[in-house]
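Sequence and predicted model, in that order:
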Amino acid sequence: MGTLIVSGVKSYSPDRSIEVNLTKKINLIYGQNGSGKSTISGYFYDPQSEDYKKCLFSSADKYEYIVYNSQFIEDSFYNKAEQPGIFTLSQENKDVMKAIVQNEKELSQLRRELIRLDEAIEKKEKMIKKVIDSCQTAVWNKTAHIRKKDVGLGELMIGSLQKASFYQTLSQQVEMEEINTESIISEYFQLKRNKDLTYGEIDIPKEPYVSENQVNILSTPLLPAGNSFLSVLIDKVGNLDWVRNGLQYLNEQQCPFCQKNTIDIKFKEDIERVFDESYNELIISLRNFKSIYEEMMNNFIIALKFIVSSSTYIKDKNEFSHDLEQAIVVFKTNLHIIQEKIDRPSLCLELIIENPYVKNIASKIARYNGEIQVINNRVKSYDNSIREIKSNVWKSIRYICNDLIINKNIQVDELNSERSEILNNKADIKNKIDALNVSLINLKKQTSNIDETVGKINNSLLSLGIANFKIQKASSSNFFQICRENSVVSNIYKTLSEGEKTLITFLYFLEMCDGRLDIEEESGKEKLIVIDDPISSLSHEYIYEIAALIQYRIIKKLNNNKVVVLTHNLFFYQELIKVAPSKKEVFEKKYQLLRVVKNNHSDIITIGREDIKNEYQALWVVLKDVKQGRINSIVLPNIMRNILEYYFSFSCKMDRLSEELDKLVDSENDIHYKTFYRYINRGSHLDSINISNLGQIPSQKYLELFERIFKKTNDEHHYKKMIDLDND
């Protein structure tokens with residue numbers, strides 16, 4: 001809560017967002033001039049500006065911004081003879097002040113409770129996230145076999161093959177069904193194989209057919225005609241088939257049975273009457289039936305074998321072999337039965353009408369045809385079929401992971417219930433805060449005035465040793481005016497020194513932090529106080545005073561507000577840290593230290609308290625930043641010259657430095673290197689050599705030239721120590 005996003009403005013990259021976590025109460029930001037730190041204060045000064053359209057502060061609704069920067073000074077002082085009066089509390093009305101103090105105390109307690117509740121909410125949200133992440137991981141692991149692209153269904157999950165996206169898709173899946181994933185995989189790859197193919201249906205061969213009449217013939221005994229004296233005898237002895245079979249041996253007068261010449265014309269006539277024409281026709285029909293049945297059997301066998309061998313859909317060509325062999329056994333059994341009827345017409349015989357193996361064959365072919373029909377239909381609507389398979393995949397996965405999701409939902413619901421309870425408590429506290437703010441505004445109206453502010457600012461000026469100007473209330477309005485002791489007010493601000501300008505503008509700003517330009521505009525919001533570079537190079541003598549004012553008038557007195565201080569001045573930065581709590585845990589709870597650096601674009605990094613160097617050390621840090629590519633090498637010559645001036649002045653070796661630099665100039669043949677040495681030579685400042693005149697020297701070459709100076713002066717040990725500063 002409290003993240004500043006900076007992007008696409010001034011020195012910040014348009015393609016990369018810089019996120020600055022401002023959750024701590026006090027945020028101290030250091031950066032050299034031009035690094036991009038003032039862009040931060042500029043955002044808070046005018047967040048609606050078109051320049052900051054790609055920037056955002058996540059807690060904007062929570063805070064009221066009060067900003068001290070160059071734009072504030074220009075808008076409030078530079079072009080104005082009068083400044084809006086600031087209403088601050090008068091101490092005269094003791095009862096009202098007591099009520100205000102009590103209200104502020106209660107507000108402070110409620111805001112602390114609000115922070116505690118926010119932390120509790122954040123803790124619940126982290127627990128919810130942990131439960132969800134755990135479920136996400138469990139789901140991911142449980143479905144690994146399904147997601148494989150080569151043997152699984154990964155191809156159907158494009159866009160959902162990362163752990164988070166996979167879980168998100170599954171979380172949105174409501175329907176579930178117990179579907180074997182292997183069958184889905186098989187169906188999917190079959191559909192892919194047949195994407196541009198369709199199959200013709202398999203014809204079922206015609207089974208050998210037996211008519212009802214043929215069944216009746218077989219089941220009915222064929223008897224002799226009844227008008228022959230022999231028929232009575234044949235019927236009596238029951239030897240019709242024996243007699244019939246013996247007729248083929250009948251020759252002239254010799255009896256085929258007794259082998260005597262007992263056959264006469266009358267006997268022949270009686271025999272023929274027994275086996276009349278209709279009887280013989282039935283026998284002929286039986287022979288024809290057998291022949292036709294055998295032909296149908298052979299046709300069935302040939303047709304089935306051809307269908308199986310020629311089918312592109314049937315993969316296992318031996319699948320029908322067993323059933324066909326057994327079906328042939330049944331067919332041949334029927335042929336034997338028919339032949340037996342032919343041989344013994346008087347028998348009552350039954351064929352095997354229902355061939356179970358033919359039924360098996362027909363069932364398999366029907367199953368294949370069903371599959372072919374499904375495939376053909378799917379191929380015709382390929383995209384819809386793929387969507388249906390995708391749907392089934394997610395239904396199946398949802399079923400597989402249902403136990404994990406149910407367990408997650410139970411835990412999340414419980415945590416959300418606890419979180420809702422905290423949110424309700426938070427809402428109650430916010431209502432109390434709003435009510436106290438209204439009461440506080442009304443109380444402040446009773447005791448606020450600008451006279452108190454005038455006195456505070458003038459007393460502060462005197463305490464800082466400033467007696468040659470002060471502020472006064474304008475005679476005709478609630479405005480302030482800067483005036484001399486003789487009350488002359490015309491253009492006084494422009495006649496002040498830079499240090500005096502810094503003091504008066506900053507004292508005015510401090511009263512704004514503590515008071516209000518218009519008492520009617522009290523919002524009740526917490527204040528976010530942003531202070532950008534209150535110390536310029538011309539107001540250096542007030543470093544300690546400004547640092548002390550920030551510490552005691554803002555950080556300590558306005559404890560409930562958030563503070564952001566930005567500066568290019570390392571001494572000032574260090575001074576702010578010196579007055580901070582010394583205990584590490586206390587410091588880290590309230591303070592955050594940041595640094596703005598710039599190479600091609602600005603960046604903001606977090607630093608530790610132990611990383612803060614003195615100004616001389618900081619120059620070496622900048623040198624190393626250039627070496628590591630974090631800062632543009634354009635600053636190198638100036639940084640190097642400053643380092644040399646610091647070090648050799650302190651060691652009283654400036655003459656030696658100048659002497660060696662002159663020698664280096666004389667010894668160099670390259671005009672760019674000569675120019676570099678002359679530039680960093682303190683004695684050549686009057687030459688008006690500009691950095692742009694130094695040519696395009698690589699940063700590594702700068703460092704080599706710089707190191708050579710320390711070698712020439714026998715200070716190489718110091719160079720090596722400082723260049724490895726962070727490793728000491």
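Received it, and whenever you're ready, just let me know what you need.

Where do the strands of the stretch 551-700 of the chain begin and end?
562-567, 591-598, 602-607 (DSSP state E, counting those that start in this stretch).

Tell me the spacing between residue 209 and residue 3.
From residue 209 over to residue 3 the distance is 86 Å, taken as C-beta to C-beta, to the nearest Å. All C-beta atoms are positioned from the backbone trio N, CA, C, and that covers glycine.

what about those two, which has more around it?
More crowded of residue 209 and residue 3, by other C-beta atoms under 10 Å: residue 3, with 13 against 9.

Tell me how far the residue nearest to the more buried one when sequence neighbours are not counted lies from residue 2.
Counting by C-beta to C-beta, 6 or more residues apart in numbering, residue 3 lies nearest to residue 58, which is 4.5 Å off, once chain neighbours are set aside. Distance, residue 58 to residue 2, by C-beta to C-beta: 6 Å.

For residue 41, which residues are in contact?
67-69, 530-532, 564, 566 (C-beta atoms under 8 Å, 6 or more residues apart in numbering).

What strand or helix carries residue 306?
helix 277-310 (DSSP states H and E).

list the buried ones in that helix?
279, 282-283, 286, 289-290, 293-294, 296-297, 300-301, 304, 307-308 (16 or more other C-beta atoms under 10 Å).

Then stretch 314-329?
The neighbour-count check on stretch 314-329 (16+ other C-beta under 10 Å) flags 314, 320, 323-324, 326-328 as buried.

Pick out the most distant pair among the buried residues of helix 277-310.
The two members of the buried residues of helix 277-310 with the most space between them (C-beta to C-beta) are 279 and 308, at 44.1 Å.

Let's verify the nearest residue to residue 53 once chain neighbours are set aside: helix, strand, or coil?
In space, and not counting its chain neighbours, residue 53 is closest to residue 8: 7.7 Å by C-beta to C-beta, 6+ apart. Following DSSP: H, G, I helix; E, B strand; the rest coil, we place residue 8 in the coil state.

Find me the pLDDT at residue 8, would you?
We have a pLDDT of 92 for residue 8.

likewise residue 409?
The model's pLDDT for residue 409 equals 93.

quick one: the strand or helix carrying it to chain centroid distance?
For residue 409, the host element (DSSP H and E) is helix 402-447. Here helix 402-447 is found 28 Å from its chain centre; the criterion is C-alpha atoms, centre = their mean, to the nearest Å.

Which strands and helices lie in contact with that helix?
helix 94-142 (3 or more C-beta pairs under 8 Å, 6 or more residues apart in numbering; DSSP states H and E).

Point out the other helices and strands that the helix it packs on packs with.
Checking 3+ C-beta pairs under 8 Å, 6+ apart, helix 94-142 ends up next to helix 163-171, helix 402-447.

between that helix and helix 402-447, how big is the angle?
Here the directions of helix 94-142 and helix 402-447 differ by 170 degrees (axes from the mean of the first three to the mean of the last three C-alpha atoms, to 10 degrees).

Which element is encountered next along the chain beyond helix 94-142?
Next along from helix 94-142, by DSSP H and E: helix 144-147.

So which elements touch that next one?
helix 382-400.

Show me which positions of the helix it packs on end up buried.
Buried residues in helix 382-400 (16+ other C-beta under 10 Å): 385-386, 389-390, 392-400.

And for stretch 66-76?
66-70, 72-73, 76.

any idea how far it is from the chain center?
Counting by C-alpha atoms, centre = their mean, stretch 66-76 is centred 41 Å from the centre of its parent chain.

which residue is nearest the middle of the chain?
The chain has residue 164 as the residue nearest its centroid, 5.9 Å off, counting by C-alpha atoms, centre = their mean.

what separates it from residue 412, distance-wise?
16 Å.

so what's the backbone phi/psi at residue 569?
Phi and psi for residue 569, reported as degrees, to the nearest 10, are phi -90, psi 110.

Kindly state the pLDDT recorded for it?
If you check residue 569, the pLDDT there is 78.

how many neighbours does it have?
Neighbour number of residue 569 under other C-beta under 10 Å is 21.

That one and residue 105: what is the separation?
Distance from residue 569 to residue 105, counting by C-beta to C-beta: 36 Å.

Kindly report the same for residue 470.
Going from residue 470 to residue 105 by C-beta to C-beta gives 34 Å.

of those two, who's got more company?
The neighbour count for residue 470 versus residue 105, taken as other C-beta under 10 Å, is higher for residue 470 (20 against 10).

List the beta-bridge partners for the more buried one.
Bridge pairing for residue 470 (DSSP bridges) gives the partners residue 483.

surely residue 429 meets residue 116?
No: contact criterion C-beta atoms under 8 Å: residue 429 and residue 116 do not qualify, at 9.8 Å.

okay, these two: which has more neighbours?
Neighbours were counted for residue 429 and for residue 116 using other C-beta under 10 Å; residue 429 has more, 17 against 13.

residues in contact with that one?
110, 113-114, 117.

And it, what's its pLDDT?
For residue 429, pLDDT reads 91.

Next one: it from residue 118, what distance?
Going from residue 429 to residue 118 by C-beta to C-beta gives 10 Å.

And for residue 162?
31 Å.

These two: which has the busier surroundings?
residue 118 (13 against 10).

And the more buried one, what's its pLDDT?
So, for residue 118, pLDDT stands at 90.

next one: residue 507
At residue 507, pLDDT is 85.

That one reaches residue 460, doesn't it?
Yes: using C-beta under 8 Å, residue 507 is in contact with residue 460, at 5.2 Å.

Of these two, give the one with the bigger neighbour count.
residue 507 (23 against 19).

give the contact list for the more buried one.
457, 460-461, 549.

Columns pLDDT, secondary structure and distance to residue 221 on top of those residues, output as TSV?
Shown next, in TSV, are the contacts of residue 507 (pLDDT from 0 to 100; DSSP: H, G, I helix; E, B strand; the rest coil; distance: C-beta to C-beta, whole Å):
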residue	pLDDT	secondary structure	distance to residue 221
457	83	helix	140
460	84	helix	140
461	83	helix	144
549	87	helix	134
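
if we can go back for a sec, of the buried residues of stretch 314-329, closest to residue 124?
Nearest to residue 124 among the buried residues of stretch 314-329, with distances taken as C-beta to C-beta, is residue 314, at 61.9 Å.
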